[in-house]
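J.: Dropping a prediction and its sequence here:
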Amino acid sequence: MQAGPAQAGGMGPVPLSAAELAAWASGSGLALQPWEFRALQRASRAYCAEMARPGDWPPCGDPDALYDDDVVADRLAAGLDALC
């Protein structure tokens with residue numbers, strides 16, 4: 001069994017609740033350490049915050065550029081460079 005980075009909400013994805021994480025861990029037979037539990041909650045919140053930001057994901061942006069391999073490669077390289 002796997003858990004996703006978010007759960008369904010009325011207006012889009014919402015962060016995983018403590019109850020949802022606890023149920024997933026219990027159902028998976030995992031004994032999460034407190035720091036692991038908090039890290040998963042923070043990761044879920046960060047994922048949802050990023051998904052809620054306006055950006056270049058469809059339907060925004062140039063639709064022709066969405067499937068242009070060169071444009072996708074440039075955007076991926078820029079995103080990875082921003083991490084360093």
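T.: All right, it came through fine.

J.: quick one, strands of the chain?
T.: Under the criterion DSSP state E, the chain contains strands at 7-9, 12-14.

J.: Kindly state which of these is positioned closest to Glu20.
T.: When those are compared by Cβ to Cβ, strand 7-9 sits nearest Glu20, at 5.7 Å. Yep, even glycine has a C-beta here, placed from its N, CA and C like the rest.

J.: Now that closest one: buried residues?
T.: Of the residues in strand 7-9, none count as buried by neighbour count, 16 or more other Cβ atoms under 10 Å.

J.: List the neighbouring strands of that strand plus their orientation.
T.: Strand pairing for strand 7-9, determined by DSSP bridges: strand 12-14 (antiparallel).

J.: if we can go back for a sec, export the strands of the chain to JSON lines and tack on distance to Ala43 and mean pLDDT?
T.: Shown next, in JSON lines, are these (distance: least, Cβ to Cβ, whole Å; pLDDT from 0 to 100):
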{"stretch": "strand 7-9", "distance to Ala43": "13", "mean pLDDT": "86"}
{"stretch": "strand 12-14", "distance to Ala43": "13", "mean pLDDT": "87"}
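
J.: any chance of the ones you listed in TSV, with distance to Val71 too?
T.: Compiled in TSV, the strands of the chain are given as follows (distance: least, Cβ to Cβ, whole Å):
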stretch	distance to Val71
strand 7-9	31
strand 12-14	26
